[in-house]
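S.K.: Sequence and computational prediction follow.
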Amino acid sequence: MSARAPFRRRTLGWLAGIVSVSFAAALLLSVFADEFAPQATPGANGHSRSAIGHHGLVSLLRALDVPVLLSEHDSASRAGAGSLLVVAEPAIGDAESRRTHMLQAMSSRERATLVVLPKWYGLPDEQRPGWLDEVALLDEDDVAPVLEALGLAASVLRPASSGTWSMDESIPLREPPELPALQLVRGDQLEPLIWNQDGILLGSFIDDDGADILVLADPDLLSNHGLKRGRNAHLAVSLLLSLRARDDAPVVFDETLHGFHKEPSLWRALFDIPLVLATLQLLLAAAVLLWSSMGRFGRPITPPQTMLPGKRMLLQTAATLLAQGGHIDYALRRYLQATIRRLGRDLHAPAQLDASALQRWLAKLEDGRALTRNLSSLIRELEATDARTSAAQAVRCARDIHRWREEMRRGNSSRPRDER
C-alpha cells in the first residue's frame, strides 16, 4: 500500500501560489522601494504639495503633455541638448560645500539652465505630513550663497511694492506677475528679462564656460501658492516652454540639491520602457516552462508490468511441460490455428467460414502482399515437425508464424519503400 501524501494537490497549488506571489512582491519592493516610499516632504521641491513646493507646476506641465522629469541622479547629463534644467531653490550651504560644486557643474552650453533663488523656509506640521505649520522669509544673507556659487556679484533686495514691470521682447506672455513680499536681485552681470525700477525678477548671463544661465529671483512665480495668483500660472508655463530648444524636449527638475538621491538600477531598468517588454517575454517563457514541468509531483509512478510474475511463471512451467512431454509439434500447430483465426478476425473474414475455407480465403489475400513466407509453406514446415523437434527449431517456426501474421496485417517492413 502506498504512503499517503502529506498534502493534497489543491493545498500544494495554494502553497506554490503564495510562495510565487511573495517572491514577486519581495522582488518588486527591492527594485521599486524608492518609488513606493511616500514623498511627504513640505520643502521647496518638485515632490512637495505644501505652499512653497513645486508639485503644482510639475502636475500642470504634465497635464499639458509636456515631458517632465524629476531628476534624483546626475541631473546635468539627464538634461540633454535642447532641454531645460530647472534648479529650483537649491539648498547649498557655504561656498565650499559639496552641493555648491554640484550646482556649478550643472550648466551646459547645449541647453538653458534656470536657477530659482530660495526665499522661504517652513516648519513641518506634525499632525499633517507634507504640510507646513509655519513659514518665514529667509534672511537675505542665506540667499546670497546661491548667487556666489553661480559666480554672480549681485545682491538680494525685497522692495515694499512691485512698481511698474518691464519685459524683454523674448518673454512670450507679456502680463505682469503678481508677487506679494517681492524678492529681486541687482547686479551688473545680469541682463534683465523681467524687471522694475528696483531690480531684476528674471535675468540671464553667460558663465565662464559659455553656458546660458537664467536666474529667477522670486520663486513664488512657480510655487504652489503663487501659481493661483493672477496670471502667474500662464506666465510660468509659457516661460518654461519658451526656454526649451525643441517642443519635444523635456523640462528636468533637479532634486539632488534638495537631498533626494536615487542611484540607477539595472533591475529598475529591466522594468522600465523599453526593456520591460523583453522582461515580460522572459517571465512568460519561464512561467510556461514551470507550468509544463508541473505535470506531475514527486517521484514518477512505476509503470505497470506487462506480465505479472505469477503469469510469467505459469507460462514458463507450461512451456517446460510441453517440451519435456514431447508435445512441441502439437503446441506449434495449435499456435498456427489460433493465429489463423485471429488474423481472420483482424482482416474481417466472413464469419461463416470453417478452418479450410478460412485458409483458402487468406491464401487469396497473400497474392497482393509481398510476404517472406506464405501460409502453405508454414503448414508444410509444421507437418515436418514431430516430438523430436528441437527447441531452437520450434522457436524459429513460431517466429515465422508471427512474422507471417504481421506481414499480412501491415506488409513486409524489410522491403524498400519504392518496391512495396
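M.R.: On my side now, so go ahead.
S.K.: give me phi/psi at Leu138?
M.R.: Here is the backbone geometry of Leu138 (degrees, to the nearest 10): phi -70, psi 150.
S.K.: Likewise for Val185?
M.R.: phi -130, psi 160.
S.K.: if I look at it, how far off is Leu362?
M.R.: 115 Å (Cβ to Cβ, to the nearest Å). Every residue, glycine included, has its C-beta placed from N, CA and C.
S.K.: Can you pick out the residue with more neighbours from the two?
M.R.: The residue with more neighbours, out of Val185 and Leu362, is Val185; 25 against 19, by other Cβ atoms under 10 Å.
S.K.: what are the bridge partners for the more buried one, then?
M.R.: Val156, Ile200 (DSSP bridges).
S.K.: Could you do Val116 as well?
M.R.: Ala88, Leu216.
S.K.: What is the neighbour count of it?
M.R.: Val116 has 24 neighbouring residues, counting by other Cβ under 10 Å.
S.K.: close enough to count as contact, it and Glu89?
M.R.: Yes: applying Cβ atoms under 8 Å, one finds Val116 in contact with Glu89, separated by 5.5 Å.
S.K.: Common neighbours of the two, please.
M.R.: Common contacts of Val116 and Glu89 (Cβ atoms under 8 Å, 6 or more residues apart in numbering): Pro219.
S.K.: so where do the helices sit in the stretch 201-350 of the chain?
M.R.: 224-227, 232-242, 266-270, 275-292, 309-324, 328-346 (DSSP state H, counting those that start in this stretch).
S.K.: Please tell me how far the longest one is from the chain's geometric centre.
M.R.: This points to helix 328-346. Distance, stretch centre to chain centre, for helix 328-346: 67 Å (Cα atoms, centre = their mean, to the nearest Å).
S.K.: Can you show me the CA trace of it as PDB?
M.R.: Output of helix 328-346 as PDB, limited to C-alpha atoms (Å, rounded to 0.1, in the frame of the first residue of the first chain):
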ATOM      1  CA  ILE A 328       6.200 -29.200 -29.200                       C
ATOM      2  CA  ASP A 329       4.700 -30.100 -32.600                       C
ATOM      3  CA  TYR A 330       1.200 -30.100 -31.100                       C
ATOM      4  CA  ALA A 331       1.800 -26.600 -29.500                       C
ATOM      5  CA  LEU A 332       3.100 -25.200 -32.800                       C
ATOM      6  CA  ARG A 333       0.000 -26.500 -34.800                       C
ATOM      7  CA  ARG A 334      -2.300 -25.000 -32.100                       C
ATOM      8  CA  TYR A 335      -0.400 -21.800 -32.300                       C
ATOM      9  CA  LEU A 336      -0.800 -21.600 -36.100                       C
ATOM     10  CA  GLN A 337      -4.500 -22.400 -35.900                       C
ATOM     11  CA  ALA A 338      -5.000 -19.700 -33.300                       C
ATOM     12  CA  THR A 339      -3.000 -17.200 -35.400                       C
ATOM     13  CA  ILE A 340      -5.200 -18.100 -38.500                       C
ATOM     14  CA  ARG A 341      -8.400 -17.400 -36.500                       C
ATOM     15  CA  ARG A 342      -7.200 -14.200 -35.100                       C
ATOM     16  CA  LEU A 343      -5.900 -12.900 -38.400                       C
ATOM     17  CA  GLY A 344      -9.200 -13.700 -40.000                       C
ATOM     18  CA  ARG A 345     -10.900 -11.500 -37.400                       C
ATOM     19  CA  ASP A 346      -8.400  -8.800 -37.900                       C
END
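S.K.: buried stuff in it?
M.R.: Neighbour counts using 16 or more other Cβ atoms under 10 Å place 328-329, 331-332, 335-336, 339-340, 343-344 of helix 328-346 among the buried residues.
S.K.: Which segments of this protein make up each domain?
M.R.: 34-275, 313-414 (automatic domain parsing).
S.K.: Just the buried positions in stretch 202-210, please.
M.R.: Quick answer for stretch 202-210 (16+ other Cβ under 10 Å): 202-205, 207.
S.K.: number of nearby residues for Ala144?
M.R.: Using other Cβ under 10 Å: Ala144 sits among 17 other residues.
S.K.: Give the helix, strand or coil label for it.
M.R.: Three-state assignment for Ala144 (DSSP: H, G, I helix; E, B strand; the rest coil): helix.
S.K.: what's the answer for Arg62, then?
M.R.: Applying three-state DSSP: Arg62 is helix.
S.K.: Just give the nearest non-adjacent residue to it, would you?
M.R.: Nearest residue to Arg62 in three dimensions, chain neighbours excluded: Val68, at 5.3 Å (Cβ to Cβ, 6 or more residues apart in numbering).
S.K.: same check, this time on Val135
M.R.: Nearest to Val135 is Gly122, by Cβ to Cβ, 6+ apart, at 4.3 Å.
S.K.: Can you get me a residue count around the one you found?
M.R.: A count of neighbours around Gly122, defined by other Cβ under 10 Å, yields 19.
S.K.: Surely it is in a strand?
M.R.: Yes: assigned with three-state DSSP, Gly122 falls within a strand.
S.K.: hang on, isn't it packed against Ser50?
M.R.: Yes: at 6.7 Å, Gly122 and Ser50 qualify as touching, with contact defined as Cβ under 8 Å.
S.K.: who's in contact with the strand or helix carrying Asp141?
M.R.: In this assignment (DSSP states H and E), Asp141 forms part of helix 140-149. Residues outside helix 140-149 that contact it (Cβ under 8 Å, 6+ apart): 90, 92-95, 100, 103-104, 115, 117-119, 154-158, 183, 185, 187, 215.
S.K.: go with 6 Å
M.R.: Here helix 140-149 makes contact (Cβ atoms under 6 Å, 6 or more residues apart in numbering) with 92, 95, 100, 103-104, 117-118, 154, 156.
S.K.: Please, where are all the strands along the protein?
M.R.: For the chain, the strands defined by DSSP state E cover 68-71, 84-88, 112-116, 120-124, 132-137, 155-157, 166-167, 184-186, 191-195, 200-206, 212-216, 251-254.
S.K.: a markdown table please, covering these and showing distance to Thr11 and mean pLDDT.
M.R.: Below are the strands of the chain laid out as a markdown table (distance: least, Cβ to Cβ, whole Å; pLDDT from 0 to 100):
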| stretch | distance to Thr11 | mean pLDDT |
| --- | --- | --- |
| strand 68-71 | 46 | 91 |
| strand 84-88 | 56 | 94 |
| strand 112-116 | 61 | 94 |
| strand 120-124 | 50 | 85 |
| strand 132-137 | 54 | 85 |
| strand 155-157 | 71 | 94 |
| strand 166-167 | 74 | 92 |
| strand 184-186 | 72 | 96 |
| strand 191-195 | 71 | 95 |
| strand 200-206 | 69 | 95 |
| strand 212-216 | 64 | 94 |
| strand 251-254 | 52 | 94 |
